[in-house]
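K.L.:
Any chance you can model this:
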Amino acid sequence: MNQAMQTSTFPRRIVTALSTLALVGGLAVACDDGDGGGDEQETTRERAQIAGAGYTTFDVTIGGCHDGPNGVDCNNYESKEAVFMSGGPSAAGLSDGSYYFAVLAPGYQNGGFIDGAEGNLSDTVAGGTSGDEGRGDAIENRTFRVENHEIVEYTGTHAWGESPQGRKILQLMPYDDTDNPGGVYIMAICAVDAISPSECKYDAFRIRDGGGEPPPPPTPAVVSGGKYYDANTNGIRDEGEVGLEGWMIDYSNGEVTRILTDADGNFSVELDADTYTFAEVPPAFSPSWRQTGNLSDQSTVTGGAYVMLNYDMSYDVTVIDGSGVAQLWFGNVCVGGGGGLTLGFWSNKNGAQLIGGDDLAMLAALNLVDADGNDFDPADAKALSTWLRNGTATNMAYMLSVQLSAMELNVFNSFVDPNALVYAPGSHGANTNGFITVDALMTEANDSLGADTVTTAGHPQRAYQEALKNGLDNANNNRTFAQPSPATCPKPIFIDPELPEEPTTI
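P.N.:
Numbers count the residues shown, from 1 in each chain. Next up is the predicted model:
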């Protein structure tokens, strides 16, 4: 079972501090090469990650699990013969498709899943570790098909079994012996023809035969990370970005445990050898908060641990005795006001009082259009007010022009910083998290109007112009500016499943 200290507020693990940052460009996989000489980073190829997870479990007839009767969280077995593989629980099991399994020595997750590679204990090739004598079988004999999270087809010679939940499972034998002093193995389940670790799921398990003197207690692994405020919305933790206190992080290896970040935004837990998924818990009733990271794996590992950053910004973490993982970062930003004034303001008398010749000249230089797609160059504040009030989306270019002019006036009159970031998904210049500077959004909108002046229903650019319009509209309504620090953000509220009737406000 998981080992960790408890907080005074919740019956969960305590959080501790974490320090240094290691910035890595691109989506990278952190892994230990198994030689005890340090860590490596390997950038993954652009291939799809497999969804869901598979787990080791035991057959109800053979038994042999030291962790309890249900088999869901079993990772200690009395013999190699006792270990079976499942397609996973129905809600989080493997997605439909064809897979194969392999047993690896710890520390070889980065490539050992391929037959013939060092660390593969299931293939017919000897070498790589002291116990690897090539006594396994061909990959074709370890290939199966999954439908609805259930193994539905397998024609090889590995024995079938039945899990405590009545699901079809496959025996992992034959596989060679691990050289890990704690008796730890790694099961890999990979998509057929996998070449990247992102196309595999892992689960650690241990063999304890129960004979002779009991082994000494294992040294727990330590996993740490933190929540940070991603002020520049780029999806990685940059130097100087502050931590977020009291945010909830879940980790699961069949059973979910929830922890809180400390005053510096960090957490640390001690764990038994196994595979865990770490994910942030989004705050409830807080639409202004958005998860932005991590989009790049900045984690570091020691002692044969392994980390996979998933596309949903969760992490799959495999640890063995005495290993360590640090810098599991989770980034967030909140959106709110940034000085925007609506087109209603600029069309009424308050806005009209601010309109001068320089404002009109600035607007005339833009690619603004009217309802028929004709160029619109306002002659005076009254003409501008009429044009703003009559704006409709029948021709989306007209409505985009109206919202663009309001934002241009906001910037021109120093109400809005042109370098501020706003949330505008669908704009071509937005980053992966959907944020773009006001200046870039205005330029993009103006360029689009220069290219397409009539975008009525059915026009191929209508949806794009609508996305630009929405981005400007929300910013003009002062809703979607990335806040420069958490000081101006609303306090997040989390629903604690152990205290469902009273949300926790941090």
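K.L.:
what distance separates the start and the end of stretch 75-82?
P.N.:
11 Å (C-alpha to C-alpha, to the nearest Å).
K.L.:
Equivalent analysis for stretch 56-75, please.
P.N.:
7 Å.
K.L.:
Now that stretch: buried residues?
P.N.:
56-59, 62, 64-65, 67, 71-75 (16 or more other C-beta atoms under 10 Å). All C-beta spots, glycine's among them, are computed from the backbone N, C-alpha and C.
K.L.:
Next one: residue 230 relative to residue 240, how far apart?
P.N.:
For residue 230, the distance to residue 240 (C-beta to C-beta, to the nearest Å) stands at 12 Å.
K.L.:
Farthest-apart pair in the buried residues of stretch 56-75, please.
P.N.:
Distance extremes for these: the farthest pair is 62 and 73 at 18.2 Å, using C-beta to C-beta.
K.L.:
Pull out the buried residues from stretch 442-450.
P.N.:
For stretch 442-450, by 16+ other C-beta under 10 Å, it's 442, 444, 445, 446, 448, 449.
K.L.:
Can you tell me which of those is nearest residue 149?
P.N.:
residue 444 (43.0 Å).
K.L.:
thought the closest one was touching residue 427?
P.N.:
Yes: Residue 444 is within contact range of residue 427, at 5.6 Å (criterion: C-beta atoms under 8 Å).
K.L.:
residues bridging contact with these two, i.e. touching both?
P.N.:
Here residue 444 and residue 427 have 436, 468 as joint contacts, going by C-beta atoms under 8 Å, 6 or more residues apart in numbering.
K.L.:
Break this protein down into its structural domains.
P.N.:
Taking automatic domain parsing as the reference, the chain has its domains at 49-207, 221-329, 343-482.
K.L.:
Make TSV from these and add distance to residue 491 and mean pLDDT to it.
P.N.:
As requested, these are exported to TSV (distance: least, C-beta to C-beta, whole Å; pLDDT from 0 to 100):
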stretch	distance to residue 491	mean pLDDT
domain 49-207	31	89
domain 221-329	8	94
domain 343-482	18	97
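K.L.:
Rebuild the ones you listed as JSON lines, extending it with distance to residue 492.
P.N.:
Listed next are those as JSON lines, based on distance: least, C-beta to C-beta, whole Å:
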{"stretch": "domain 49-207", "distance to residue 492": "25"}
{"stretch": "domain 221-329", "distance to residue 492": "3"}
{"stretch": "domain 343-482", "distance to residue 492": "16"}
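K.L.:
among these, which is nearest residue 489?
P.N.:
Closest of these to residue 489 is domain 221-329, at 6.8 Å (criterion: C-beta to C-beta).
K.L.:
mind checking the end-to-end distance for the closest one?
P.N.:
Start-to-end span of domain 221-329 (C-alpha to C-alpha) is 18 Å.
K.L.:
Repeat that for stretch 370-389.
P.N.:
Using C-alpha to C-alpha, the distance between the terminal residues of stretch 370-389 is 12 Å.
K.L.:
Please identify the buried residues of that stretch?
P.N.:
370, 371, 373, 376, 378, 381, 384, 385, 387, 388.
K.L.:
Any chance you could list what contacts that stretch?
P.N.:
343, 346-348, 351-352, 355, 360, 363-364, 367-369, 390, 392, 394-395, 397-398, 401-402, 405-406, 453-454.
K.L.:
Could I get the full set of strands for the stretch 401-506 of the chain?
P.N.:
421-423, 435-437, 481-482, 493-494, 504-505 (DSSP state E, counting those that start in this stretch).
K.L.:
Now do the second one: which elements does it pack against?
P.N.:
Counting contacts by 3 or more C-beta pairs under 8 Å, 6 or more residues apart in numbering; DSSP states H and E, strand 435-437 is packed against strand 421-423.
K.L.:
Pick out the most distant pair among the buried residues of stretch 370-389.
P.N.:
Longest span within the buried residues of stretch 370-389, C-beta to C-beta: 373 and 381, 23.6 Å.
K.L.:
Does the residue nearest to the spatial centre of the chain fall in a helix, a strand, or a coil region?
P.N.:
Nearest residue to the geometric centre of the chain (C-alpha atoms, centre = their mean): residue 313, 0.7 Å. Judged by DSSP: H, G, I helix; E, B strand; the rest coil, the three-state class of residue 313 is coil.
K.L.:
Roughly how far does it sit from residue 297?
P.N.:
10 Å.
K.L.:
go on, residue 87?
P.N.:
27 Å.
K.L.:
And those two? Which one has more around it.
P.N.:
Using other C-beta atoms under 10 Å as the criterion, residue 87 and residue 297 rank with residue 87 on top: 28 against 24.
K.L.:
residues touching the more buried one, list them.
P.N.:
Residue 87 makes contact with 54, 93, 94, 146, 149, 150, 151, 167, 168, according to C-beta under 8 Å, 6+ apart.
K.L.:
ok, now how distant is it from residue 432?
P.N.:
32 Å.
K.L.:
Report the beta-bridge partners for the nearest residue to residue 192 once chain neighbours are set aside.
P.N.:
Nearest residue to residue 192 in three dimensions, chain neighbours excluded: residue 98, at 4.5 Å (C-beta to C-beta, 6 or more residues apart in numbering). Assessed by DSSP bridges, residue 98 has beta-bridge partners residue 145.
K.L.:
ok so, going back, give me the subset of the buried residues of stretch 370-389 lying in strands.
P.N.:
Using DSSP state E, the subset of those located in strands is empty.
K.L.:
Now render the residues you listed as TSV, adding distance to residue 172.
P.N.:
Below are the buried residues of stretch 370-389 laid out as TSV (distance: C-beta to C-beta, whole Å):
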residue	distance to residue 172
370	71
371	69
373	67
376	71
378	74
381	78
384	73
385	75
387	72
388	69
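K.L.:
sorry, back to before: which one of the buried residues of stretch 442-450 is nearest to residue 195?
P.N.:
residue 444 (37.4 Å).
K.L.:
For my notes, confirm residue 201 occurs in a strand.
P.N.:
Yes: assessed by three-state DSSP, residue 201 belongs to a strand.
K.L.:
Tell me who's in contact with it.
P.N.:
Counted by C-beta under 8 Å, 6+ apart, residue 201 has contacts 50, 52, 53, 54, 94, 188, 189, 190, 275, 316.
K.L.:
and those residues, which are buried?
P.N.:
Of the contacts of residue 201, these count as buried by 16+ other C-beta under 10 Å: 50, 52, 53, 54, 94, 188, 189, 190, 275, 316.
K.L.:
can you give me the helices for the protein?
P.N.:
Counting by DSSP state H, one finds helices in the chain at the ranges 343-347, 349-352, 357-364, 381-389, 396-412, 438-451, 462-476.
K.L.:
Nearest to residue 271, out of these?
P.N.:
helix 462-476 (42.0 Å).
K.L.:
Now tell me what touches that closest one from outside.
P.N.:
338, 340-343, 393, 396-397, 399-400, 403-404, 406-407, 410, 416, 422-428, 436, 438, 441-442, 444-445, 448-449, 452, 455-456, 480-481.
K.L.:
list the contacts for the closest residue in space to residue 103 that isn't next to it in sequence?
P.N.:
Leaving aside its chain neighbours, residue 103 sits nearest to residue 175 (3.9 Å; criterion: C-beta to C-beta, 6+ apart). Counting by C-beta under 8 Å, 6+ apart, residue 175 makes contact with 80, 103, 121, 122, 135, 136, 185.
K.L.:
Could you identify the most distant pair in those?
P.N.:
Largest separation among these by C-beta to C-beta: 135 and 185, giving 14.3 Å.
K.L.:
Who has more neighbours out of these two?
P.N.:
residue 185 (27 against 16).
K.L.:
Thought residue 105 was touching that one, still the case?
P.N.:
Yes: under the criterion of C-beta under 8 Å, residue 185 is in contact with residue 105, at a separation of 7.4 Å.
K.L.:
intersection of neighbour lists for these two?
P.N.:
In contact with both residue 185 and residue 105: 121, 178, using C-beta under 8 Å, 6+ apart.
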